[in-house]
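Colleague: Dropping the sequence and predicted coords here.
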Protein chains: 2
Amino acid sequence: MPIDANIHIPQETARRLSLYLRSLKRLIQNKTKVASSEEITRFLNVSSVQFRKDLSYFGEFGRRGIGYDVETLRQEIGKILGTNVVRKIALIGVGKLGFALLGYPGFLELNLQISAAFDNDPEKIGKVLAGIKIEDIRRMKELIINRGIKIAVLSVPADEAQGISEKLAGSGIKAILNFAPVNLSLPGNIYVSNVDMASELESLVYKLKRGRL
Amino acid sequence: MPIDANIHIPQETARRLSLYLRSLKRLIQNKTKVASSEEITRFLNVSSVQFRKDLSYFGEFGRRGIGYDVETLRQEIGKILGTNVVRKIALIGVGKLGFALLGYPGFLELNLQISAAFDNDPEKIGKVLAGIKIEDIRRMKELIINRGIKIAVLSVPADEAQGISEKLAGSGIKAILNFAPVNLSLPGNIYVSNVDMASELESLVYKLKRGRL
DNA sequence: ACGTGTGAACCGATTCACAGCA
DNA sequence: TGCTGTGAATCGGTTCACACGT
């Protein structure tokens, strides 16, 4: 039972925790009180052993021979992930994709709140979309610092992404979810995660081509 | 030099090939004729050894002591990935996200052509967005079969995703890029790849919380 | 008997270390 | 000497096999 914070936790485990949260929420809606690892992972494609192994990095949450108390487990995982606290995020670039992200319900579900949105298009600046006012990107640093935002979602054109991400780094942003199809090179203390839709699809096409032909 | 098609190729390698393509295109734009693995990977975050290892699964493309001919390598990787042929894809669900995907330039760049788009909203059906006519989702099977589409991008609400994906499977679709935050359970001969934006962001937040605090 | 928790074995992928060719 | 290509070592993560508590 390693409540020991120094132990190494696989990053894949961290990624799966939010899937477990979703599954637990569904079970709670179904009024399920107790569930086995098998039931919790039934609609994820994660094995029940994987689930138990993942939890074992954080402690013991189940009862042998019985299963898990769904509600308390949800709270525990929420605490681990930090979804019990609302976190502010900034959205940079309100083009088509950015607009879609403004209304994306998945963020709210994990207590991630878009607290600022920026664009450089004078047509958009000042408008309110999905309840959020679009600010001039020239005020980015100022507002990010003022509002104490540490996380940014970057949905700007590829050729602007590197420059803007450097300004984000200079504004105290610590983590960036990057939708632009370029690799950002930034100081090592900034976490970057890339969502590369075309490349994802391409590798799927490749598999298809190779697997079936 | 394994031109041997039976050899096992890591799926991570397949995913990186499209990154290499992008890098090579940039070099071609810069009029570079020959480049070392070091130069090709400079703006990716992939090591040069990784790059060479990846290529080694498909053959020998470089010249020792010199580097790679940029243009021929681009063609070779294009052939491997199949981006030399235009592939038709279908877009299911033209909400905010779907609309953003309609205009996403990254697909075209990899020769992936959106050849059909579907929605169930009568307001949208018949409209033309980004040059593509939105069709009634009830005609999905018919049109996908007629047009010989094998790849679908699914951007519908979470609670509809499973049902629609089953219909896609029944329409001869072989690969799905799924944006809905649910796991699709489908026959094993259908490739599914998930883009889970909220979960991606959440794992970033977790890292941040853990790394720096 | 049932379902959790976990060290050990295993597997896929990355990195090392160096041989090979220009 | 410079840079590619690759078997061997290593690493991170998953799966196995089983001990443990109820």
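Modeller: That came through fine.
Colleague: thought A:G211 was touching B:Y191?
Modeller: Yes: using CB atoms under 8 Å as the test, A:G211 is close enough to B:Y191 to be in contact (7.3 Å). (C-beta placed from N, C-alpha, C; glycine too.)
Colleague: Looking at the two, which is more packed in?
Modeller: A direct count of neighbours by other CB atoms under 10 Å in any protein chain shown for A:G211 and B:Y191 places B:Y191 higher, at 20 against 11.
Colleague: Tell me which residues touch that one, please.
Modeller: Contact analysis of B:Y191 by CB atoms under 8 Å, 6 or more residues apart in numbering or on different chains lists A:204, A:207-208, A:211, B:174-176.
Colleague: change it to 10 Å
Modeller: With contact set as CB atoms under 10 Å, 6 or more residues apart in numbering or on different chains, B:Y191 has these partners: A:203-208, A:211-212, B:151, B:173-177.
Colleague: Find me the pLDDT at it, would you?
Modeller: With respect to pLDDT, B:Y191 has a value of 93.
Colleague: Ok, A:L110 next?
Modeller: Model confidence at A:L110, given as pLDDT, is 88.
Colleague: my guess is it contacts B:A198, does it?
Modeller: Yes: counting by CB atoms under 10 Å, A:L110 does reach B:A198; the two are 5.4 Å apart.
Colleague: what touches both of these two?
Modeller: Shared contacts of A:L110 and B:A198 (CB under 10 Å, 6+ apart): A:18, A:22, B:181.
Colleague: May I have the lengthiest helix in chain A exported as PDB, CA atoms only?
Modeller: With secondary structure taken from DSSP state H, chain A has its longest helix at helix A:11-29. Only the C-alpha atoms of helix A:11-29 are listed here, as PDB (Å, rounded to 0.1, in the frame of the first residue of the first chain):
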ATOM      1  CA  GLN A  11       2.100   7.800 -17.100                       C
ATOM      2  CA  GLU A  12      -0.300   5.400 -18.800                       C
ATOM      3  CA  THR A  13      -1.800   4.800 -15.400                       C
ATOM      4  CA  ALA A  14      -2.400   8.500 -15.000                       C
ATOM      5  CA  ARG A  15      -4.100   8.700 -18.400                       C
ATOM      6  CA  ARG A  16      -6.400   5.800 -17.500                       C
ATOM      7  CA  LEU A  17      -7.600   7.300 -14.200                       C
ATOM      8  CA  SER A  18      -9.900   9.700 -16.000                       C
ATOM      9  CA  LEU A  19     -11.500   6.800 -17.800                       C
ATOM     10  CA  TYR A  20     -12.100   5.100 -14.500                       C
ATOM     11  CA  LEU A  21     -13.800   8.200 -13.300                       C
ATOM     12  CA  ARG A  22     -16.200   8.200 -16.300                       C
ATOM     13  CA  SER A  23     -17.000   4.600 -15.700                       C
ATOM     14  CA  LEU A  24     -17.700   5.200 -12.000                       C
ATOM     15  CA  LYS A  25     -20.000   8.100 -12.800                       C
ATOM     16  CA  ARG A  26     -22.000   5.900 -15.100                       C
ATOM     17  CA  LEU A  27     -22.300   3.300 -12.400                       C
ATOM     18  CA  ILE A  28     -23.500   5.900  -9.900                       C
ATOM     19  CA  GLN A  29     -26.100   7.100 -12.300                       C
END
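Colleague: Report whether it contacts DNA strand C.
Modeller: No: with CB under 7 Å from any atom of the strand as the criterion, DNA strand C is not reached by helix A:11-29; the gap is at least 11.6 Å.
Colleague: so what's whichever residue of chain A sits closest to DNA strand D up against?
Modeller: Residue nearest to DNA strand D within chain A: A:G65 (2.6 Å; CB to the nearest atom of the strand). Going by CB under 10 Å, 6+ apart, A:G65 touches A:S36.
Colleague: cool, A:L201 as well?
Modeller: Counting by CB under 10 Å, 6+ apart, A:L201 has contacts B:18, B:87, B:89, B:101, B:106-107, B:110, B:112, B:151, B:153, B:175-177, B:193, B:195.
Colleague: Now do it, the pLDDT please.
Modeller: Listed pLDDT for A:L201 reads 92.
Colleague: Kindly report the same for A:L208.
Modeller: 88.
Colleague: Same question for A:G98.
Modeller: For A:G98, the model assigns a pLDDT of 97.
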